[in-house]
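A.B. asks: fold the following.
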Amino acid sequence: MSNRKIGIVTGGGDCPGLNAVIRAIVKAGDLSGFQSIGIHGGLDGLLTPVQASPLMVKDMDGLLIRGGTILGTANSGRFAAKAGSGRKRKVPQETLDQAKRNFDSLGLSALIIIGGDGSLSTAQQMFEMGFPVVGVPKTIDNDLDATQMTFGFDTAVACAVDALDRLHSTASSHNRVMVLEVMGRYAGWIAAYAGLGGGADVILIPEIEFNFPAIHKKITEREVQGKHFTIVIVAEGASLGKEKITADDGAPDREIRLGGIGHEVAARIEAMTGKETRCVVLGHLQRGGQPTQWDRQLCTRFGVRAARMVAKEEFGKMVALLPNGMMGAVTLKEAVNKIRSVDPKGELVMTARALGISFGD
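C.D. replies: Below you'll find the predicted structure:
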């Protein structure tokens, strides 16, 4: 067996497709002469006592379609590079030093970090401290600007579309307004894609300021047309004025937990229109379950490319889906530099508007 070893770690929130990436790295790495070592419980697994174990090709059966991550994950801990309100935070030097000692004692040649903006911000700091790191973009929010798409997004959209399909039947049966709140943090990709694919009448996203008179107008127009129900989808990061609605407990050492905007919107709509209005919050349902076929192949391509980057010693970079649809790489610094947002004047929004869908503006 080769004495070259790849460490694999999953960080941040869980996401459909994590196991598919792990599977691809292990299989491609094995054919390139690497042994894969799984780091358990996020990057804290590199701290003493170390939590790591070999990942064998024979153990990869069934992982392509399995949700979650066999390695476990964490979106807080001693490696958190972002705190409340998205503030960047330096990982303590003693934490990095301890992790480097354990990285060396495991005999690792490289570390592949699979995560979103927070985990990749940590990866950049680790690279600057001498860790040979490769990143893989993971977030259902699809908000990393350096890649055309992140894995987990397509599965989250599919979950939201399924919910909209189900809400249509109950909304029409009771002549109600149904509000669906979806994840996405400060980007409206899930709401925009799901709203278009699931036939929503109103789509509310962080990138477009909305107002309740415009929503009222849309509902009234539908009533005049004999359509006595309305479907509204709202991204958790959409705001009432300048303030975000949160389910935060005030902890200063982690990012704000958004949530609650759906109930606020539903209450205002019911007060305004007199129509019975209900809110459904999808929450973590979007992060669970089997990945879609699109996410499975995307994860496989990401994992294989990451293993090849290790073999070529292309460190300090993140795998990315390029505009031409091919796999490529960008620096970690580029990857975490800018949030990818929905363009209010882009083709996606213009398509929705052409169908009469309101963005509440």
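
A.B. asks: tally of neighbours for the residue lying closest to residue 209 once chain neighbours are set aside?
C.D. replies: The shortest distance from residue 209 to any non-neighbouring residue, by C-beta to C-beta, 6 or more residues apart in numbering, is to residue 361 (6.2 Å). For glycine as for every other residue, the C-beta is placed from the backbone atoms N, C-alpha and C. Neighbourhood size, residue 361 [other C-beta atoms under 10 Å]: 12.

A.B. asks: can you start the count at 548 instead of 1 from here on
C.D. replies: Renumbered: residue one is now 548, and that last one reads residue 908.

A.B. asks: OK, contacts around residue 908?
C.D. replies: 755-758, 761 (C-beta atoms under 8 Å, 6 or more residues apart in numbering).

A.B. asks: state the pLDDT value of it.
C.D. replies: You'll see residue 908 listed with a pLDDT of 92.

A.B. asks: again with residue 790
C.D. replies: 66.

A.B. asks: residue 841 reaches residue 701, doesn't it?
C.D. replies: Yes. Taking C-beta atoms under 8 Å as the definition, residue 841 is a contact partner of residue 701 at 4.4 Å.

A.B. asks: which parts of stretch 863-880 are buried?
C.D. replies: Neighbour counts over stretch 863-880 (16 or more other C-beta atoms under 10 Å) mark 863-868, 874-877, 879-880 as buried.

A.B. asks: those residues in helices, which ones?
C.D. replies: Among the buried residues of stretch 863-880, the members falling in helices (DSSP state H) are 879-880.

A.B. asks: closest to residue 721 out of the buried residues of stretch 863-880?
C.D. replies: Of all these, residue 868 has the smallest distance to residue 721: 41.8 Å, by C-beta to C-beta.

A.B. asks: please name the nearest non-neighbouring residue to the closest one.
C.D. replies: Counting by C-beta to C-beta, 6+ apart, the nearest residue to residue 868 once its immediate chain neighbours are dropped is residue 695, at 4.4 Å.

A.B. asks: what do you get for residue 620?
C.D. replies: Nearest to residue 620 is residue 557, by C-beta to C-beta, 6+ apart, at 4.6 Å.

A.B. asks: hang on, residue 681 in a strand?
C.D. replies: Yes. Assigned with DSSP: H, G, I helix; E, B strand; the rest coil, residue 681 falls within a strand.

A.B. asks: partners of the nearest residue to residue 828 once chain neighbours are set aside in the sheet?
C.D. replies: Distances taken as C-beta to C-beta, 6+ apart put residue 728 closest to residue 828, at 4.5 Å, once the chain neighbours are dropped. Here residue 728 sits in beta bridges with residue 781, residue 828, going by DSSP bridges.

A.B. asks: and residue 728, how far from residue 832?
C.D. replies: Distance of residue 728 to residue 832, given as C-beta to C-beta, to the nearest Å: 11 Å.

A.B. asks: between these two, which has more neighbouring residues?
C.D. replies: residue 728 (29 against 16).

A.B. asks: against residue 755, how distant is the more buried one?
C.D. replies: Distance, residue 728 to residue 755, using C-beta to C-beta: 16 Å.

A.B. asks: can you check residue 707 too?
C.D. replies: Applying C-beta to C-beta, the value for residue 707 to residue 755 is 18 Å.

A.B. asks: the two: which has the busier surroundings?
C.D. replies: Remark: of residue 707 and residue 755, residue 707 carries more neighbours, 28 against 17, as counted by other C-beta under 10 Å.
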